[in-house]
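Q: Quick one, what's the 3D model for this:
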Amino acid sequence: APTLPDVDGVRLRAIPVTAEDLRDHYEGFANSTLWPLYHDAVEQPEHHRRWWEAYQRVNRRFAEAAADVAEPGAVVWVQDYHLHLVPSLLRVMRPDLRIGFFLHVPFPPPELFMQLPRRAELLRGMLGADLIGFQRVQAAHNFAQLVAKVLNLPATDRRIGVDDRVVRIGAFPVSIDTAEMAALATRPD
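A: Have a look, this model is predicted:
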């Protein structure tokens, strides 16, 4: 994949995705299977094998690209539900890396997540990270409950034992600077 110019000191790299993968990974598994489920099943999630296959392919491409460009011992942050599998794939490819994963959307309660046919794979994918962040405390709790139930791993709302390592989890709410926005809103211009 071509390397793009730096933006504010951040090196960018394009990850090629076919129209089929965009449809099946992004519009399919990510946004028609996971998104509804993660938002309290506001819509009925759909499940299609080709969507799952595309999700795996695209996650592998992102993991390979990160493995290729990360400096030895680098910290790699993986963002959101489109890339649940990247942390575990990346850990296998580059065990020297420190990996973080942050979920920007709610993480569902066990009774909703258990509807997913690929629930174990998604949980294992996330557990490739050293630190998993959620927006809310309840989301971290839901994740820990599911890991204990589905994968039979020792889990609390802060730590999960995976093989010979500990994965830390927690709530790290992301928001705008409300004071700055309020001050900006009161400016005449």
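
Q: Mind pulling up the pLDDT for residue 4?
A: As predicted, residue 4 sits at a pLDDT of 64.

Q: Equivalent analysis for the one 4 residues further on, please.
A: According to the predicted model, the pLDDT of residue 8 comes to 84.

Q: most residues in a single strand of this protein, which one?
A: strand 165-171 (DSSP state E).

Q: Residues contacting the longest helix seen in the chain, please?
A: Identified as the longest helix of the chain according to DSSP state H is helix 49-69. For helix 49-69, the surrounding residues in contact (Cβ atoms under 8 Å, 6 or more residues apart in numbering) are 1, 3, 11, 13, 15-17, 20-21, 23-26, 28-30, 32-33, 76, 78, 82-86, 89-90, 93-94, 97, 117-118, 125. In short, each C-beta sits where N, CA and C put it, glycine included.

Q: circling back to that earlier point, if we look at the longest strand of the chain, which residues are touching it?
A: 127, 129-137, 139-140, 143-144, 157-161.

Q: I'd like the average pLDDT over that strand.
A: Strand 165-171 comes out at a mean pLDDT of 97.

Q: Relative to it, what are the paired strands and their orientations?
A: Strands that pair with strand 165-171, judged by DSSP bridges, come out as strand 131-134 (parallel), strand 159-162 (antiparallel).

Q: Of those strands, flag the one that's most buried.
A: Greatest average neighbour count among the strands paired with strand 165-171 goes to strand 131-134 (a mean of 22), per mean count of other Cβ atoms under 10 Å.

Q: Could you point out the helix or strand that follows that strand?
A: helix 137-151 (DSSP states H and E).

Q: Could I have the CA atoms of stretch 104-116 written out in CSV?
A: C-alpha atoms of stretch 104-116 as CSV (Å, rounded to 0.1, in the frame of the first residue of the first chain):
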residue,chain,number,x,y,z
HIS,A,104,-16.2,4.4,20.3
VAL,A,105,-19.7,2.9,20.4
PRO,A,106,-21.6,1.2,23.3
PHE,A,107,-20.6,-2.4,24.0
PRO,A,108,-23.9,-4.4,24.4
PRO,A,109,-25.1,-6.4,27.4
PRO,A,110,-24.5,-10.2,27.3
GLU,A,111,-28.0,-11.0,26.2
LEU,A,112,-27.6,-9.0,23.0
PHE,A,113,-24.0,-9.9,22.2
MET,A,114,-24.8,-13.6,22.6
GLN,A,115,-26.9,-13.3,19.4
LEU,A,116,-23.7,-13.0,17.4
